[in-house]
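J.: This is the structure alone, sequence omitted:
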């Protein structure tokens, strides 16, 4: 392969230059013709007129009108006609109240209800009556015991001949039955103490009166029995 530089021919360079110039001329013609066509189109188009309208501003608002109060028509005052008095009706005279002096004015007093006032007296009377019945029952029982007592008998009693008082206690049921008994104060003699207890156990007791010893199923009593030796 021969790599040596070979000089170009002058005719060939001229042809290339002419081709380049022709291309540039064609391109410039095309551009020029296009621009001229656009200019003709712009000239042919009618000009559009732009009308600027004048803008009218609204007038300023008027100040508010002042209200004027109109005077109201006054109704003429008509005096009431005097009352017509009938000849057959007489006027009633006015009577002024009479004021009494303070000394003559009496304040009414409320009467005390008799039932309320009598209630405490009736209750006290009932309690007193019940207490009297209880005292009377105890006295009857003591009298009954002293009526049935017996002086002790036997050789010792004949020799000693004791004398004295024995205080006994005994409990009775509401029906009168004896529940228990004992010596509260001795007479310092066993013979008299035993005779007193025998007397209590031998006694017959009545039932409690109504309303006495309320709320008690049994009640304890105390009695004093006195013994004296029989006369020889």
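T.: Arrived safely, thanks for sending. The structure displayed is predicted, hence computed values, not measured ones. Numbering: from 1, shown residues only.

J.: Could you pull out the strands in the chain for me?
T.: Under the criterion DSSP state E, the chain carries strands at the ranges 164-173, 178-185, 218-227.

J.: Same list, those strands, but as CSV with distance to residue 149 please.
T.: Where you see a C-beta, it was placed from the backbone N, CA and C, and this is true even at glycine. Converted to CSV, these look like this (distance: least, CB to CB, whole Å):
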stretch, distance to residue 149
strand 164-173, 9
strand 178-185, 14
strand 218-227, 5
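
J.: Put together TSV for the ones you listed, with distance to residue 33, mean pLDDT and mean neighbour count on each row.
T.: Compiled in TSV, the strands of the chain are given as follows (distance: least, CB to CB, whole Å; pLDDT from 0 to 100; neighbours: other CB atoms under 10 Å):
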stretch	distance to residue 33	mean pLDDT	mean neighbour count
strand 164-173	160	96	18
strand 178-185	162	95	14
strand 218-227	157	95	16
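
J.: Ok, which of those strands comes nearest residue 206?
T.: Among the strands of the chain, the nearest to residue 206 by CB to CB is strand 164-173 (9.4 Å).

J.: I would like the residues contacting that closest one, please.
T.: Residues from elsewhere that reach strand 164-173 (CB atoms under 8 Å, 6 or more residues apart in numbering): 141, 178-189, 192-193, 195-197, 200, 205, 208, 217-227.

J.: Identify whichever of the strands of the chain lies nearest to residue 28.
T.: strand 218-227 (159.1 Å).
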